[in-house]
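> Sharing a model that was predicted from the sequence below.
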Amino acid sequence: MRSALKISAVLTWINLIFWGLGCLQCLLLGVTGNPLFLLSGFIISAIVLHSYAALRLHRSIRNPAVPLSSQTPSGIRFIGFVSLFISTLFIVFGIALIKSAHQVVPMLQENAQFKDISEKQLRLSGIQALVLGLSVAVNVLINLRLLRWYYLSRDSNNIP
């Protein structure tokens, strides 16, 4: 479990920082008047909340004297499944972009904003979406397993 805890800690911090900055950017862009950015920031905040709850779980695992709050397990489960759904969307989007970049490039080049986009850039964006989605999905699954392990170890030690 120590290796799972270390991997989860690294992924949690990466997700917290990256998605936190993305959420902040969406919220700042939403203030400019486009409500779609506010909605995106609200949805992305599920990943940030899950990462925060995971850090609380890690603290309780490392130091058994620090109890886990009553909302943290439900936050890890419920927000974790929302984060898992978002990561699944990113994974599917990344795979689709990698596989069909040659078909998407002509459609994007019709728009003046994306005149000089290449197939290579689009595939790199797909790889980035795939890696981001996988990092969130792996983190959620490891944290759900760590939560189960926390409860099993706590129950075996008869800690209330």
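Perfect, thanks for sending it. Residues are numbered from 1 along each chain as shown.

> gap between residue 61 and residue 81?
Look at residue 61 and residue 81: by C-beta to C-beta, to the nearest Å, they are 21 Å apart. C-beta coordinates here come from the backbone N, C-alpha and C atoms, glycine included.

> For residue 134, which non-adjacent residue is spatially closest?
Of all residues not flanking residue 134 in the chain, residue 91 sits nearest, at 6.4 Å (C-beta to C-beta, 6 or more residues apart in numbering).

> The one you found: how many residues sit nearby?
18 (other C-beta atoms under 10 Å).

> ok so, going back, ok, residue 61 and residue 81, which is more surrounded?
Using other C-beta under 10 Å as the criterion, residue 61 and residue 81 rank with residue 61 on top: 20 against 14.

> Report the contact partners of the closest residue to residue 147 other than its chain neighbours.
Excluding its sequence neighbours, the residue lying closest to residue 147 (C-beta to C-beta, 6+ apart) is residue 76, at 5.3 Å. By C-beta atoms under 8 Å, 6 or more residues apart in numbering, the contact set of residue 76 is 50, 53, 54, 57, 143, 144, 147.

> Give me the pLDDT for residue 160.
pLDDT for residue 160: 55.

> same deal with residue 119?
With respect to pLDDT, residue 119 has a value of 85.

> burial of it, as a residue count?
13.

> At which residues are the strands of this protein located?
Remark: no strands are assigned in the chain by DSSP state E.

> lowest-pLDDT helix or strand in it?
Sorting the helices and strands of the chain by mean pLDDT, DSSP states H and E puts helix 101-109 at the bottom, at a mean of 84.

> Look up how far residue 70 lies from the nearest residue to residue 90 once chain neighbours are set aside.
Excluding its sequence neighbours, the residue lying closest to residue 90 (C-beta to C-beta, 6+ apart) is residue 133, at 3.1 Å. Computed as C-beta to C-beta, the residue 133 to residue 70 distance reads 30 Å.

> Contacts only, for the residue nearest to residue 90.
Applying C-beta under 8 Å, 6+ apart, we find residue 133 in contact with 86, 87, 88, 89, 90, 91, 93, 94.
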